[in-house]
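J.: give me a 3D structure for the following:
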Amino acid sequence: MRIVTCIGDATSIDAHGGLPFHLLDAGRRLGFLDDGWQLDLKALNRSRMLWNAGRLLTRGEFGGYQYSESFLQALVRQVPPASLNPDEIISIFPLFPPAPKASTRLSFYIDATLKQNFEEYGISTKVGRSLIMDALKREGVAYHNATRIICRARSTAKSVVESYGIDPRKVHVVPGGANIIDDRAQSRAKPSRASLTPIRLGFIGKDWRRKNLGFILDVADVLTGRGVAVEVAAAGFDPARGPRPIHLRACGFIDKRAHLQRFVDFLSSCHFTCLFSRAEAFGLSNRESLRLGVPVLASRVGGIPDTIPRGCGHIFAKEAKPTEIADVIESYVQEPNRYWALRDALALRRDEFTWEAAIRKMQAIWSGETRYRYDRLEQADV
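T.: Below is the predicted model of the structure:
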């Protein structure tokens, strides 16, 4: 019995952006995974309030209950006894479960280490210092005791090895797939081959500031100044709370569970999707774009490079100026046949960006394959 677990219900598409759900779904179909723990976070709301109050009174710190030992132990107590000690656990969260039985093998599949989350996403400003130090210590012990650590990107694997002193031979890199449930969904809104004007740049993200929508709008300004018609189509945030330049079309949040076709149409109608985040552990929208045959323009930040294999778009230095991205886009506008050749080539590679492809890599790792090991991937494409 091999199960998946996370902080929440691993069988629900609502948990962790749907990652455990899609991982489990593909794993079951390929005979790699058997089940997932169904944990109820709402049942611990009262405990959370009491813990926060006690932490504030005794240490003058507030927040971070999800990293505490008491929270993790309370979650474990929700697991039915018959499911508590499977042969193997694959956990999405580095601290969970806190103390598996010696007979149970534990591996991790993570998008970022806690150190990365604390430092790069600003979480350290919301969690007490003593809790951070305690969580990092427990995380290091968990990695040392784990059978293997699978990371979605090389930047995460680098953190596991260098920040926690983990043997690189048990650290592997397997990028995740696109969280698109029904692969039969076909776009009804692919751009016409007649023209690349206006050029349509797509953006997806709730946190549009961190994901640097403003930079993409600057690129659009450069193109407009050169006489290139451009539209920036953005989804994921409330249009009333976002920027409002003339070439931005804000579409709001698109729920893939209820409106999959709308989401597919949105991505497929773009000529490029763009991700120039200031911090990014992975970049799921890139995988979803490539799954639908849409090339990506992105920056070399965090785990983004591992989401875009060679030949699937363009990756720029994080210091790149808007003019550099505009140069590349304009070159395609001037040579539309080159753009459509890129898109045709991507259409032949769409199966690379599924969760089935990720599971097959995991199966190979579990069988002893070493090609995805971090120390063999440092200078390679994955």
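
J.: what is the top helix by length along the chain packed up against?
T.: Across the chain, the longest stretch assigned as helix under DSSP state H is helix 129-145. Contact partners of helix 129-145 among helices and strands, from 3 or more CB pairs under 8 Å, 6 or more residues apart in numbering; DSSP states H and E: strand 105-110, helix 114-120, helix 154-164. Glycine gets a C-beta too; all of them are placed from N, C-alpha and C.

J.: for Ala220, which of these is the nearest?
T.: helix 114-120 (26.7 Å; CB to CB).

J.: which other helices and strands contact that closest one?
T.: Helix 114-120 packs on helix 129-145, helix 154-164, going by 3+ CB pairs under 8 Å, 6+ apart.

J.: adjacent strands (with direction) for whichever helix or strand comes after the longest helix of the chain?
T.: Using DSSP states H and E, the helix or strand that follows helix 129-145 in sequence is strand 148-151. Sheet pairing for strand 148-151, assigned by DSSP bridges, gives strand 105-110 (parallel), strand 171-173 (parallel).

J.: hang on, the earlier thing: for the helices and strands packed on helix 114-120, which one sits closest to Ile181?
T.: Nearest to Ile181 among the helices and strands packed on helix 114-120 is helix 154-164; the distance by CB to CB comes to 25.3 Å.

J.: run the angle between that closest one and helix 129-145 for me.
T.: Helix 154-164 runs at 100 degrees relative to helix 129-145, counting by axes from the mean of the first three to the mean of the last three CA atoms, to 10 degrees.

J.: so where do the helices sit in the protein?
T.: Using DSSP H, helices in the chain cover 19-29, 45-59, 69-76, 114-120, 129-145, 154-164, 213-225, 260-268, 284-291, 322-334, 336-347, 355-366, 374-377.

J.: deepest of the ones you listed, which one?
T.: helix 284-291 (a mean of 25; mean count of other CB atoms under 10 Å).

J.: how far off helix 355-366 does it point, in degrees?
T.: Using the same axes, to 10 degrees, helix 284-291 lies at 110 degrees relative to helix 355-366.

J.: show residues contacting helix 284-291.
T.: 17, 175-180, 202, 204-205, 267, 270, 273, 275, 295-296, 298, 304, 307-308, 312-313, 346, 349-350, 352-354 (CB atoms under 8 Å, 6 or more residues apart in numbering).

J.: ditto for stretch 230-239
T.: So stretch 230-239 is contacted by 198-208, 213, 216-217, 220, 223-224, 242, 245, 247-254, 263, 266, 269-270 (CB under 8 Å, 6+ apart).

J.: show me which of those residues are buried.
T.: 198-205, 208, 213, 216-217, 220, 223-224, 247-248, 250-251, 254, 263, 266, 269-270 (16 or more other CB atoms under 10 Å).

J.: rewinding a little: just put the helices and strands packed on helix 129-145 in TSV and tack on mean pLDDT and distance to Trp51.
T.: Putting these into TSV (pLDDT from 0 to 100; distance: least, CB to CB, whole Å) gives the following:
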stretch	mean pLDDT	distance to Trp51
strand 105-110	97	24
helix 114-120	92	18
helix 154-164	97	26
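
J.: now, the contacts of stretch 230-239 that are in strands?
T.: Ile199, Arg200, Leu201, Gly202, Phe203, Ile204, Leu248, Arg249, Ala250 (DSSP state E).

J.: pipe the residues you listed into TSV and attach distance to Glu69 per row.
T.: Formatted as TSV, the ones in strands among the contacts of stretch 230-239 follow (distance: CB to CB, whole Å):
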residue	distance to Glu69
Ile199	52
Arg200	49
Leu201	46
Gly202	42
Phe203	39
Ile204	36
Leu248	46
Arg249	47
Ala250	43
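
J.: Ala10: which of these is nearest?
T.: Ile204 (24.0 Å).

J.: so who does the closest one touch?
T.: So Ile204 contacts Ala234, Ala235, Gly236, Leu267, Thr273, Ser285, Glu288 (CB under 8 Å, 6+ apart).

J.: list just the nearest of those residues to Asn45.
T.: Gly236 (26.9 Å).

J.: what's the neighbour count on the closest one?
T.: 19 (other CB atoms under 10 Å).

J.: how near is it to Arg210?
T.: Using CB to CB, to the nearest Å, Gly236 is found at 12 Å from Arg210.

J.: Phe96 too?
T.: Taking CB to CB, one finds Phe96 at 25 Å from Arg210.

J.: same question for His259.
T.: For His259 relative to Arg210 (CB to CB), the value is 24 Å.

J.: what's the answer for Thr197, then?
T.: 30 Å.

J.: quick one: which of the helices and strands packed on helix 129-145 is nearest Leu377?
T.: Judging the helices and strands packed on helix 129-145 by CB to CB, what sits closest to Leu377 is helix 154-164, at 6.0 Å.
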